[in-house]
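In: structure, please.
(one chain, ligands or ions: 1)
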Amino acid sequence: MTDQTLIILGASGDLTARLLLPGLGALLTAGHVPGLTLIGASVEDWDDARWQARVHDSFGAHGAAAAAESTGQKTPVSDDTPAASAVADRARWIRTDVTSSSDLRSLLAATNGSVAIFFALPPAVTAKACAALLDVDLPPGTRLVLEKPFGTSSESAAELNTLLARLAPAVPEEQVHRIDHFLGKSTVLNILGLRFANRIFEPILDSTHVESVDIVFDENLALEGRAGYYDRAGALADMIQSHLLQILALLTMEAPFSLAAAEFRDRKADVLRATRLWGTPADSSLRARYTAGGDLPSYADEPGVDPSRGTETLAEIVLTVDTWRWAGVPFRLRSGKAIGDSRKEAVITFKRPPRVPDGLHGCDEPDRLRIGFGPDHLALDFNINGPGDPFELDPISLEATFGAGGLPPYGEVLRGVFEDDPTLSVRADTAEQCWRIVEPVTSAWQAGEVPLREYPAGTAGPSLFLPA
Ligand SMILES: O=P(O)(O)OC[C@H]1O[C@@H](O)[C@H](O)[C@@H](O)[C@@H]1O
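Out: The predicted structure follows:
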């Protein structure tokens, strides 16, 4: 295996410490990329020692989480593993203006083996850093790793993609990894096995049998000090335009011939191209923002928030996937922060049976397949002749709960980067399509056509489709 160097641009930030490094620590612990050289870069005047301490801490955070999960202990140990520790001990800090070609050139001169550059930066700075790379001789095989959001509209995503395309031939599209960590979640990837590795569900996943599909990601978490990013993004861009559309693609795509990158990403792109808003933004979208509730202040009072921006912390949209298989089935996507009951699942609700024989009576619930995204969980709800009166129907649920996958989501997507496999990364055209899908909604919201509603933190929040 060739030597590899990972350069993190924007390495002093929150994303690096909270998600990227713990994922990398897990990957190293699992025996991948031995001998990795890790370089942190940003304008901060840090030194190697300070960066190494940050890396050790974040690798330890992974060890702590893993230990807590396997032993069930409440006070986890915080220790990184020997494989991760060795990388942390050698990690280097190089002070860099990421928008300066000459700084980037010096940075690349310090690398060893094949190089991956992770842009842990806000979208505008990522675009400037990519532009600065045009004047740098990138070593062949260089991979660029971009964090969401990819642009802020289909237009800016297309501009960014055009810029990235100019970095070919050193960096062809297959070496551009647009990260969506939901594609590294074992529960999300399990949709593939659930649909395509058995005969039970796939034949009935179509508009003949399915009434509606809900993809819901409601979190207890509130802003958590992320105003700098979140107040410009909001729930629609932060969760729906990105993560939930990827889930929709996996739920609706046709069976790929193989999971090779080209095949898998083509099938996803097919359905996303066919996806559009169901009706008008006024009746197919909802936006709301939390007010004070429990221990949480109102979103508008959080430090760093500009209340006049009217950023939503809860968004819903209803989509149609306009293909032969799915036309007529509403796909309802929802995500909110500071919601009382956390709920992270896709629910496929089936149509009623065409006819229930006279004499069977009682329960009239529709059948549902529920796919949980954390904790990992699967449930099939349906009606049978339950206990007691044999002609009285009862709902039952077949349930399975399984442990999380071997690697945390960031570890899984980083594995794809180091193994030069873009299967789990978002292709350029798909990134643009995902903006195209939500654009009628963002335009209507900007034009004030859909009111910004409010909900107290810790409550269920309003909904177009969930029971009140
Ligand atoms: O459940 P996970 O893996 O932490 O993902 C949810 C998070 O995903 C991130 O991409 C969003 O920016 C966050 O707002 C969100 O909380």
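
In: remind me which residues of this structure are low pLDDT?
Out: By pLDDT under 70, the weakly predicted segments of the chain are 1, 61-79, 403-405.

In: near the ligand, which residues of it are found?
Out: By the rule Cβ under 6 Å from any ligand atom, the part of the chain lying against the ligand is 219, 221, 238, 374, 409. Glycine gets a C-beta too; all of them are placed from N, C-alpha and C.

In: so what's the second one up against?
Out: Translated: Leu221. Leu221 is in contact with 337-338, counting by Cβ atoms under 8 Å, 6 or more residues apart in numbering.

In: that's a strand at it, yeah?
Out: No. Under DSSP: H, G, I helix; E, B strand; the rest coil, Leu221 sits outside any strand and is assigned coil.

In: give me the neighbour count for the spatially closest residue to Thr311 that is not a sequence neighbour.
Out: Counting by Cβ to Cβ, 6 or more residues apart in numbering, the nearest residue to Thr311 once its immediate chain neighbours are dropped is Gly234, at 4.4 Å. Look at Gly234: counted by other Cβ atoms under 10 Å, it has 22 neighbours.

In: sec struct for the closest residue to the ligand within the chain, please.
Out: Nearest residue of the chain to the ligand: Asp238, at 4.8 Å (Cβ to the nearest ligand atom). Using three-state DSSP, the structure places Asp238 in helix.

In: ok, it to Thr99 distance?
Out: 25 Å (Cβ to Cβ, to the nearest Å).

In: ok, Ala315 touching Ala233?
Out: No. The criterion here is Cβ atoms under 8 Å, and Ala315 misses it with Ala233 at 10.7 Å.

In: okay, the two: which has more neighbours?
Out: Shown here are Ala315 and Ala233; by other Cβ under 10 Å, Ala315 has more neighbours (25 against 20).

In: for Trp93, which non-adjacent residue is closest in space?
Out: Leaving aside its chain neighbours, Trp93 sits nearest to Trp51 (3.8 Å; criterion: Cβ to Cβ, 6+ apart).

In: could I get the residues of the chain next to the ligand as CSV with distance to Arg18?
Out: As requested, the residues of the chain next to the ligand are exported to CSV (distance: Cβ to Cβ, whole Å):
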residue, distance to Arg18
Glu219, 15
Leu221, 12
Asp238, 15
Gly374, 16
Pro409, 12
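
In: now the helices for the stretch 301-450 of the chain?
Out: Taking DSSP state H, counting those that start in this stretch as the test, the helices found in the stretch 301-450 of the chain are 409-418, 428-446.

In: other SSEs contacting the helix or strand Asp103 falls within?
Out: Per DSSP states H and E: Asp103 is located in helix 101-109. Here helix 101-109 is seen to pack against helix 123-133 when contacts are counted using 3 or more Cβ pairs under 8 Å, 6 or more residues apart in numbering; DSSP states H and E.

In: could you give the angle of whichever helix or strand comes after the helix it packs on to helix 409-418?
Out: Proceeding N to C from helix 123-133, the next assigned helix or strand is strand 143-147, under DSSP H and E. Per axes from the mean of the first three to the mean of the last three Cα atoms, to 10 degrees, the angle that strand 143-147 makes with helix 409-418 is 150 degrees.

In: before we move on, the earlier item: type out the PyMOL command that picks the buried ones from the residues of the chain next to the ligand.
Out: Filtering the residues of the chain next to the ligand down to the buried ones (16 or more other Cβ atoms under 10 Å) takes a single PyMOL command:
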select buried, resi 219+238+374+409
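
In: distance from stretch 126-144 to the middle of the chain?
Out: 25 Å (Cα atoms, centre = their mean, to the nearest Å).

In: in it, what counts as buried?
Out: Neighbour-count burial for stretch 126-144 flags 126-130, 132-133, 136, 138, 142-144 (criterion: 16+ other Cβ under 10 Å).

In: with stretch 301-319 instead?
Out: Buried positions in stretch 301-319, judged by neighbour count with 16+ other Cβ under 10 Å: 302, 305, 311-319.

In: may I ask which helix or strand encompasses the closest residue to Val55 other than its chain neighbours?
Out: Spatial nearest neighbour of Val55, excluding adjacent residues (Cβ to Cβ, 6+ apart): Ala88 at 4.1 Å. Secondary structure assigned from DSSP H and E places Ala88 in helix 82-90.

In: packing partners for that helix?
Out: Packing contacts for helix 82-90, counted by 3+ Cβ pairs under 8 Å, 6+ apart, involve helix 21-29, strand 37-42, helix 48-71.

In: picking that back up, tell me what the very next helix or strand once past the helix holding Asp103 is packed against?
Out: Using DSSP H and E, the helix or strand that follows helix 101-109 in sequence is strand 114-119. Packing partners of strand 114-119 (3+ Cβ pairs under 8 Å, 6+ apart): strand 4-9, helix 123-133, strand 143-147.

In: give me the angle between the longest one and strand 114-119.
Out: By that I understand helix 123-133. 150 degrees.

In: quick one: list the elements packing against helix 123-133.
Out: Using 3+ Cβ pairs under 8 Å, 6+ apart: helix 123-133 touches helix 101-109, strand 114-119, strand 143-147, helix 154-165.

In: ditto for the last one
Out: Other helices and strands packing on strand 143-147, by 3+ Cβ pairs under 8 Å, 6+ apart, are strand 114-119, helix 123-133, strand 176-179, helix 409-418.

In: what's the very next helix or strand once past the shortest one in contact with?
Out: In this case it means strand 176-179. Downstream of strand 176-179, the first helix or strand assigned by DSSP H and E is helix 186-196. When contacts are defined by Cβ under 8 Å, 6+ apart, helix 186-196 is touched by residues 182-183, 201-202, 205, 246-247, 250-251, 255-256, 259, 346, 371-374, 376-378, 404-406, 412.

In: could you redo the last one with a cut-off of 7 Å?
Out: The contact list for helix 186-196, computed with Cβ atoms under 7 Å, 6 or more residues apart in numbering, reads 182, 201-202, 205, 247, 250-251, 255, 371-374, 376, 404-405.

In: which residues does the nearest residue to His177 once chain neighbours are set aside contact?
Out: Using Cβ to Cβ, 6+ apart and skipping the chain neighbours, the partner closest in space to His177 is Ser425 (4.0 Å). Contacts here follow Cβ under 7 Å, 6+ apart; on that basis Ser425 touches 177-179, 416.
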